[in-house]
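1. Any chance you could fold what I've pasted below:
(2 chains)
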Amino acid sequence: MKLIQLLLILFFTSCINHSNIDDVVVVKTSKFKSEIQFAQGFDIDDSNADFSLIKINSNHSKYNFSDSIYIIHSNEFDGANKKVLTKKLNNLAIQSTTYLSYLSVLNKLSLVRGVSGLQYVNSVTLNKKINKSSVNEIGNNGSIQMESLLKVDPDLFLIYPFELDNKDKYNSKGIETLLISEYLESTPLARLEWLKLFGMILDENELANAYFDAVTLNYNAQKIAVDSTKTMFFNLPFKENWNMPNSNSITANLLRDAGFDYVFSDTINDNAIRSKEIVWDKAMNCEYWIIITSRPANYTLEDLKNEESIYSEFSSVKNNKVIFCNTSTTDYFTMGVVEPDVMLRDLVHCMDSSYNSKYFRLLK
Amino acid sequence: MRRDRDIWLLIILLIVLIVLSIWSISVGDVSIPFNELFTILKGDFSANESWSYIVEGRLNRTVMALLGGGALSVTGLVLQVFFKNPLAGPGVLGISSGVTLGVAIVVLGGFSMLGLGLNLSLVSSGLFGALVILSILMVVSKFIKHSVTLLIVGLMLSYFSSALVSALYHWADLEQSRQFIVWGLGSFDGISSENISWILPLILFSIGSLAFLIRPLNAFALGEDYAKSVGINIKTTKALLILISSLLTAVITVYCGPVAFIGIAVPQIVRGLTQSKSHQLILPLAVVFGALFALLADLGIRLTGNVLPLNTVTSLIGAPIIVWTIIRMNKRR
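-> Residues are numbered from 1 along each chain as shown, chains lettered A, B, ... in the order given. Here you go, the predicted structure:
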């Protein structure tokens, strides 16, 4: 008898309605219209007076995904069977710490209640702004912990496209999701432009556009033409293989805008894994070496030389032209996303000993 | 007659090993003319500076594969005789896991694996881990009758060590965890000439010293009582065998990662190839065949673009051999 009672309880609790879908209210009040200039992964349709539609697409031959969300301007809008922002966002969960930088620009970090990989936020700027006691860790070794997420109960959960398979699982628990694929863009400005999407969902359009325009102006003012004598290659190997960024990647284009000539520019599609032998052979006479990786705080040129004896023979090392970005001590993966102009300025000026750099420095 | 056949087998394997080693040094992603290769190996300057480093890298990798394969295979052979179990090996008995735990304590505790030099802390912690596991196995082996039970104990020790390593991840930073995971996949690449200069004599000396233990090994193969009856000092022999096995496993595992299946599979193949019961022939055959096995596995990796981890290749070859051994063991019964 007790067993039957228990089963009945389980049956009825499984039928509990967990969310209220009738609380559709007008979210966006700003009349400011966003125009997308560089980003390929999303678009904003502002043509209808009753709503704005954000459309997200894969924009990559390797992936196939899409998502969309309606931002309502009037009560005339029929939101049936559509993903709409049902209330003003007060509570956000995010899968990537990169999104914190967008939220920081819009002064909306206080909305974040759940972050995956909170422990890996090494940005001094962000750590100062985040009240960690009110933010929950929702991930564990890269995977989302459903119980932690439910505890946060976010109004919107911003996820990576590779979390797409779990989207239905979150939705069935009453958690609305939105795909953010800014990392698939090919230029720093296109990646920055995702700020407009954040501005749209947080009703901070004007601020987002103003920030984007200012950074773009600054970035373009510092851009220089590629100098074929400034040959360069990237990074460090991991065991036998050397991962070279795709020549049309955000990083490669940032370096191109700083006037560098990438010697592995034939890596057109994906990041190309090269053997150490090939890189050693080609990199030996490269003028510059750009390293973006995680190393101890006081990492020096001597430390680099000690990693592999051949490095001492590289022209870039002999001529002290190794430009280094330490991802464990700089905000490269977070604030760097919204400060491409600062990164570009570092790359253009870091050879100057009096220059005070933020992201990239000359390795000494 | 049988002995002559086995000697010829050893000579043929040695010739194949030499040919493959030369090929291993000459083949790679960058094409280097043979005369340049010869110039570099002689120690003269090459027309292209990077080539000398490339050849040095290939040479070190080849030497490390030969040493790793030979050392692990001979360790497996010794353990199989010692524990009277054809399925014993550094991986199965948990010795590699002991080394892994020792390395994990040092590495995940904050020591960087980059530019791994002659690092006594890593080697000694690895050696300590191996000795602890082997000592536990020795104590346990006194209380159990069936050799299969000992394997299960070894597996449990392996799981226990792995669980401790998993717990250590929570205190490690992301980069150290990544380095440790990649190390765990196994590789003969990236060992510097400085390291080779001390690993080479140490491994050769350890394997060479087993030559003085051939008689005790032959006696042990017939049982401990028999060994006692022919005047073998059991205590000293056991201590020496444990020390050598632990040292070989620790050094190779610290520098190449916990390489799977070579230690267990190669002695099985050798016993299948030779008709001799004497370790005077089985031991050198195991060394040469182990080196050949490891070199072939490494060449396979290099020729497929360095995509496959070493342990994937050794497991693909080794696992079927173990299954075959188990079937053969059960048929016998």
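
2. Per-residue confidence, the residue sitting nearest the centre point of chain A, what does it come out as?
-> Chain A has A:Thr98 as the residue nearest its centroid, 4.3 Å off, counting by Cα atoms, centre = their mean. Listed pLDDT for A:Thr98 reads 92.

3. same deal with A:Tyr102?
-> Listed pLDDT for A:Tyr102 reads 96.

4. Touching, it and A:Glu193? I think so.
-> No: with contact defined as Cβ atoms under 8 Å, A:Tyr102 does not reach A:Glu193; the gap is 10.5 Å. Heads up, the C-betas are built off the backbone N, CA and C, glycines and all.

5. Let's verify the nearest residue to A:His349 once chain neighbours are set aside: helix, strand, or coil?
-> Counting by Cβ to Cβ, 6 or more residues apart in numbering or on different chains, A:His349 lies nearest to A:Tyr355, which is 4.4 Å off, once chain neighbours are set aside. Following DSSP: H, G, I helix; E, B strand; the rest coil, A:Tyr355 is assigned to coil.

6. mind checking how far A:Tyr355 is from chain B?
-> 28 Å (Cβ to the nearest Cβ, to the nearest Å).

7. burial measure for whichever residue of the stretch 1-150 of chain A sits closest to chain B, as a count.
-> Residue of the stretch 1-150 of chain A nearest chain B, by Cβ to the nearest Cβ: A:Tyr120 (6.4 Å). Look at A:Tyr120: counted by other Cβ atoms under 10 Å in any protein chain shown, it has 15 neighbours.

8. before we move on, what about the one 4 residues further on?
-> Close neighbours of A:Val124, defined as other Cβ under 10 Å, add up to 12.

9. who touches the residue nearest to it when sequence neighbours are not counted in this structure?
-> Nearest non-adjacent residue to A:Val124, counting by Cβ to Cβ, 6+ apart: A:Asp331, 7.4 Å away. Contact analysis of A:Asp331 by Cβ atoms under 8 Å, 6 or more residues apart in numbering or on different chains lists A:Ser101, A:Asn122, A:Ser123, A:Val124, A:Thr125, A:Leu126, A:Glu339, A:Lys358, A:Tyr359.

10. ok, now B:Ser276?
-> By Cβ under 8 Å, 6+ apart, B:Ser276 lies in contact with B:Arg2, B:Arg3, B:Asp6, B:Ile282.

11. Now A:Glu339. Its backbone dihedrals?
-> Torsion angles at A:Glu339 (phi, psi; degrees, to the nearest 10) stand at phi -130, psi 50.

12. Could you tell me the per-residue confidence at residue 13?
-> Using chain A here. Per-residue pLDDT puts A:Thr13 at 46.

13. um, chain B though
-> 95.

14. Remind me which helix or strand it belongs to.
-> Element membership for B:Leu13 (DSSP states H and E) is helix B:2-26.

15. same question, B:Ile214
-> helix B:214-221.

16. if we can go back for a sec, can you tell me which of the contacts of B:Ser276 comes closest to B:Thr312?
-> Nearest to B:Thr312 among those, counting by Cβ to Cβ, is B:Ile282 at 28.4 Å.

17. Identify the residues contacting that closest one.
-> B:Leu77, B:Pro267, B:Val270, B:Arg271, B:Thr274, B:Ser276.

18. A:Glu76 now?
-> Counting by Cβ under 8 Å, 6+ apart, A:Glu76 has contacts A:Asp50.

19. Could you check how far it is from A:Phe51?
-> Distance, A:Glu76 to A:Phe51, by Cβ to Cβ, to the nearest Å: 9 Å.

20. In three-state terms, how would the spatially most central residue of chain B be classified?
-> With distances taken as Cα atoms, centre = their mean, the residue of chain B nearest its centroid is B:Leu72 (2.1 Å). Secondary structure, three-state DSSP: B:Leu72 is helix.

21. any idea of the pLDDT on it?
-> Note on B:Leu72: pLDDT of 96.

22. Tell me the buried residues in stretch B:317-333?
-> Using 16 or more other Cβ atoms under 10 Å in any protein chain shown as the test for burial, stretch B:317-333 gives B:Ile317, B:Gly318, B:Ile321, B:Ile322, B:Thr325.

23. could you dump the residues you listed to a markdown table with distance to B:Phe45?
-> Shown next, in a markdown table, are those (distance: Cβ to Cβ, whole Å):
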| residue | distance to B:Phe45 |
| --- | --- |
| B:Ile317 | 40 |
| B:Gly318 | 42 |
| B:Ile321 | 45 |
| B:Ile322 | 48 |
| B:Thr325 | 51 |
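
24. For chain A, state which of those is nearest.
-> B:Ile317 (19.6 Å).

25. what's the helix or strand for that closest one?
-> helix B:310-332.

26. quick one: that helix near chain A?
-> No: Helix B:310-332 stays clear of chain A (Cβ under 8 Å from any Cβ of the partner chain), getting no nearer than 9.9 Å.

27. Which other helices and strands does that helix contact?
-> helix B:174-185, helix B:262-273, helix B:279-303 (3 or more Cβ pairs under 8 Å, 6 or more residues apart in numbering or on different chains; DSSP states H and E).

28. just to revisit the earlier point, quick check: the residue nearest to the centre of chain B vs chain A, distance?
-> 19 Å.

29. how about low-confidence regions in the stretch 101-250 of chain B?
-> B:110-119, B:147 (pLDDT under 70).

30. what pLDDT does the residue nearest to the residue nearest to the centre of chain A when sequence neighbours are not counted get?
-> Once flanking residues are discounted, A:Thr98 sits nearest to A:Val337: 5.6 Å by Cβ to Cβ, 6+ apart. Note on A:Val337: pLDDT of 96.

31. I'd say A:Val337 and A:Leu100 touch.
-> No: in this structure A:Val337 lies outside contact range of A:Leu100 using Cβ under 8 Å: 9.5 Å.

32. Tell me how far B:Ser97 lies from chain A.
-> Taking Cβ to the nearest Cβ, one finds B:Ser97 at 21 Å from chain A.

33. show me what contacts that residue?
-> B:Gly91, B:Gly129, B:Ile133, B:Leu157, B:Ser158, B:Ser161, B:Ser162, B:Pro258.

34. Which of those residues fall within helices?
-> Cross-referencing the contacts of B:Ser97 against helices under DSSP state H gives B:Gly129, B:Ile133, B:Leu157, B:Ser158, B:Ser161, B:Ser162.

35. Throw those into JSON lines and include neighbour count, thanks.
-> Listed next are the ones in helices among the contacts of B:Ser97 as JSON lines, based on neighbours: other Cβ atoms under 10 Å in any protein chain shown:
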{"residue": "B:Gly129", "neighbour count": "28"}
{"residue": "B:Ile133", "neighbour count": "27"}
{"residue": "B:Leu157", "neighbour count": "22"}
{"residue": "B:Ser158", "neighbour count": "22"}
{"residue": "B:Ser161", "neighbour count": "23"}
{"residue": "B:Ser162", "neighbour count": "15"}
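
36. Now distance to chain A too, for the residues you listed, in CSV please.
-> Output for the ones in helices among the contacts of B:Ser97, formatted as CSV (distance: Cβ to the nearest Cβ, whole Å):
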residue, distance to chain A
B:Gly129, 23
B:Ile133, 27
B:Leu157, 25
B:Ser158, 22
B:Ser161, 20
B:Ser162, 16
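
37. Hmm, the residue nearest to the centre of chain B is touching B:Gly257, no?
-> No: judged on Cβ under 8 Å, B:Leu72 makes no contact with B:Gly257 at a distance of 11.5 Å.

38. before we move on, back to that, show me which residues of the helix or strand following the helix holding B:Leu13 are buried.
-> The helix or strand immediately downstream of helix B:2-26 is helix B:34-42, counting by DSSP H and E. Using 16+ other Cβ under 10 Å as the test for burial, helix B:34-42 gives B:Glu36, B:Leu37, B:Thr39, B:Ile40.

39. What of stretch A:315-334?
-> A:316-317, A:321-328, A:330-334.

40. and A:Ile290, what helix or strand is that in?
-> Per DSSP H and E: strand A:288-293 holds A:Ile290.

41. Is that strand in proximity to chain B?
-> No: if you take Cβ under 8 Å from any Cβ as the test, strand A:288-293 misses chain B, and the best it gets is 8.6 Å.
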